[in-house]
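1. below is the structure, and that's it, no one-letter string:
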Ligand code: 1PR
């Protein structure tokens, strides 16, 4: 008897478990067919790809019991893919059939007017404000991460009767939540939607099971949706994590990727703190405490970067996994983990695939993994295979491809670490088609100069011949869902984001781009969203040093009429 969660073995189900724990609700996992009979309410937090979810259910013999459970009238809450399986089919995996309870189909978003996947916070509109709200309201924002959606077509009356709320992204309006009788489903992730999401889960769980079981089907009269684009720009706090010289994991922060304290200058004198700390790894705090602080301050997402993981096997890096687990218990917004996502060999010779490494992080509570070095190597290999100078095709073995296949492309972020290469304005070498020219009214060090952006690996320690445009296009083709675009030149300088770089990458890909490196104040966030089409902006140093709060950044954006979640 009681609440059960359905896990088909892929994706981050720990987030939901953490949320239920936080809310004080007991639950068990469905582990056998008998558990379907014991469940008095069931949540299916489906993540990943539609086909993998259906295959996972079939493999475990869970598909039919799930259908029977829902038919029995007992409460069901499907999240993301857990909602999509209620539909007939998905173009994501045409050979897999859904449960067909809602007579409509799931299709891919059109990316001609917007970045796809739809990643970020958006609002939801009630179709009938008099119906049960399920803890939702129209002033809150919810976290979406998906490439496929069920379009809200009010003329498809039988399907539209299921519509509880709709959301608009670009020109498309789709089902954000569905509800009828004992069934409730959300396309967004309540377990990742901060306080607003916790409210939904709590409302659903506290509602009398008997009430829901005998509730009459509640159907609104289908009507056209109201136009309302509630999509917001995201503010992300990033924590670069590494061991300090005493072996403790700390949040550090570099200047142009150099994270060690500088030697004092003459002006500092001889007995300054800088003399004593010179050469030590800069320590800006403990990762879990900082993560909790940024969640409370309203960060839309958090990143934890294991910046020295290339030196050893991340699966042996238990402290980092402990940090991820602990952070995931404190924060209820998306958590991205990066560093060392690659095929590795443990000291005892055991081979670990990138997919296994990523799986370990997902099970620890990460929602996305971020890949840097391996992404560069994968694109280089893909281009080599093409032999015609073109972009080429993936061979299915890269970390990006294997992880995107199992967990969905929205779970794969590529972190790019480019550096400017200055050349003469009449330069005629590689990447000359991508040259940018310093503006006559630009900064002194750019005026009269030309440059292209070179990719690096291993945290900027090694330059590669690949350009940032080649890398961005390549990783999009391999299946990355999002790009975090750093800049070694701007990192830690406080000079503002490199908007030339962001515009260049943004116009060459259709997936979301996160602007990173160089934020020195609120005005830089306003600039980056005014001058470029970046979907999100990430900063580290100014937040760690408490020079600016996330709240102040959002106030400044609101004042500039840029939509943010507050
Ligand atoms: O190569 O897949 O193992 O991943 C390693 C990851 O670690 C990469 O994402 C790489 O960017 C990161 N990394 C490696 N070395 C460093 C370093 O600083 N020495 N951190 C490093 C890079 C860049 C951003 C930073 C922004 C904003 N840090 O994460 O947070 O630049 O900073 P700011 O707001 O203070 O300017 P792999």
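-> Nice, thanks for sending it over. Keep in mind the model is a prediction, meaning the values are calculated, not measured. Residues are numbered from 1 along each chain as shown.
2. going forward, measure contacts between C-alpha atoms and count neighbours the same way
-> Fine.
3. now do the same end-to-end measure for stretch 445-465.
-> 24 Å (C-alpha to C-alpha, to the nearest Å).
4. next, the buried residues of that stretch.
-> 449, 450, 451, 452, 453, 454, 455, 456, 457, 458, 459, 460 (16 or more other C-alpha atoms under 10 Å).
5. do you know the pLDDT at the third one?
-> Among the per-residue scores, residue 451 shows a pLDDT of 96.
6. so which elements touch the helix or strand hosting it?
-> Using DSSP states H and E, residue 451 maps to strand 450-457. In this structure, strand 450-457 makes packing contacts with helix 373-386, strand 418-423, strand 436-437, strand 462-467, helix 468-478, judged by 3 or more C-alpha pairs under 8 Å, 6 or more residues apart in numbering; DSSP states H and E.
7. please name the strands paired to the third one in the sheet, noting orientation.
-> Spelled out, that is strand 436-437. If you go by DSSP bridges, strand 436-437 pairs up with strand 450-457 (antiparallel).
8. so the strand it pairs with versus strand 418-423, what angle?
-> Using axes from the mean of the first three to the mean of the last three C-alpha atoms, to 10 degrees, the direction of strand 450-457 lies 140 degrees away from that of strand 418-423.
9. which residues are in contact with strand 450-457?
-> Applying C-alpha atoms under 8 Å, 6 or more residues apart in numbering, the contact partners of strand 450-457 are 372-373, 376, 416-425, 431-432, 434-438, 462-468, 471, 501.
10. could you redo the last one with a cut-off of 7 Å?
-> 372-373, 417-425, 431, 434-438, 462-468 (C-alpha atoms under 7 Å, 6 or more residues apart in numbering).
11. what's the answer for stretch 428-447, then?
-> Contacts for stretch 428-447 (C-alpha under 7 Å, 6+ apart): 448, 449, 450, 451, 452.
12. residue 80: which of these is nearest?
-> residue 452 (40.2 Å; C-alpha to C-alpha).
13. near the ligand, which residues of the stretch 251-400 of the chain show up?
-> 254, 257-259, 305-307, 309-310, 338-341, 371-374 (C-alpha under 6 Å from any ligand atom).
14. then the stretch 451-566 of the chain?
-> Near the ligand, when you scan the stretch 451-566 of the chain using C-alpha under 6 Å from any ligand atom, you find 457-459, 486, 491-492, 516-519, 539-541.
15. now with 5 Å?
-> 458, 459, 491, 492, 517, 518, 519, 539, 540, 541 (C-alpha under 5 Å from any ligand atom).
16. and the residue of the stretch 151-300 of the chain that's closest to the ligand?
-> With C-alpha to the nearest ligand atom, the shortest gap between the stretch 151-300 of the chain and the ligand falls at residue 257, namely 3.5 Å.
17. that residue and residue 458, how far apart?
-> 11 Å.
18. picking that back up, of the residues of the stretch 251-400 of the chain next to the ligand, which belong to strands?
-> 305, 306, 338, 371 (DSSP state E).
19. farthest-apart pair in those residues, please.
-> 306 and 371 (10.9 Å).
20. ok so, going back, residue contacts, the residue of the stretch 151-300 of the chain closest to the ligand?
-> Contacts of residue 257 by C-alpha under 7 Å, 6+ apart are 488, 491.
21. so how far is residue 55 from residue 95?
-> 10 Å.
22. the more surrounded of those two?
-> Comparing residue 95 with residue 55 by neighbour count (other C-alpha atoms under 10 Å), the higher total belongs to residue 55, at 17 against 10.
23. quick check: the more buried one is in a helix.
-> Yes. Under DSSP: H, G, I helix; E, B strand; the rest coil, residue 55 falls within a helix.
24. state the distance from it to the ligand.
-> Taking C-alpha to the nearest ligand atom, to the nearest Å as the measure, residue 55 falls 30 Å from the ligand.
25. nearest residue to that residue other than its sequence neighbours?
-> The shortest distance from residue 55 to any residue other than its chain neighbours is 7.8 Å, reached at residue 96 (C-alpha to C-alpha, 6 or more residues apart in numbering).
26. and the pLDDT for residue 45?
-> The model's pLDDT for residue 45 equals 90.
27. that one: how many residues sit nearby?
-> Close neighbours of residue 45, defined as other C-alpha under 10 Å, add up to 28.
28. helices of the stretch 201-350 of the chain, residue ranges please.
-> Assigned by DSSP state H, counting those that start in this stretch, the stretch 201-350 of the chain shows helices spanning 209-214, 273-277, 287-296, 318-330.
29. tell me the mean pLDDT over the first one?
-> Regarding helix 209-214, the rounded mean pLDDT is 53.
30. just the angle for the helix or strand containing residue 555 relative to helix 287-296, thanks.
-> If you go by DSSP H and E, residue 555 is part of helix 550-559. Going by the same axes, to 10 degrees, helix 550-559 is angled at 30 degrees with respect to helix 287-296.
31. now for the residue nearest to the spatial centre of the chain: which residues touch it?
-> Nearest to the geometric centre of the chain sits residue 368, at 5.2 Å (C-alpha atoms, centre = their mean). Going by C-alpha under 7 Å, 6+ apart, residue 368 touches 335, 336, 337, 411, 412, 413.
32. how about those in JSON lines, adding neighbour count and pLDDT?
-> As requested, these are exported to JSON lines (neighbours: other C-alpha atoms under 10 Å; pLDDT from 0 to 100):
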{"residue": "335", "neighbour count": "25", "pLDDT": "96"}
{"residue": "336", "neighbour count": "23", "pLDDT": "97"}
{"residue": "337", "neighbour count": "27", "pLDDT": "95"}
{"residue": "411", "neighbour count": "28", "pLDDT": "92"}
{"residue": "412", "neighbour count": "27", "pLDDT": "96"}
{"residue": "413", "neighbour count": "29", "pLDDT": "98"}
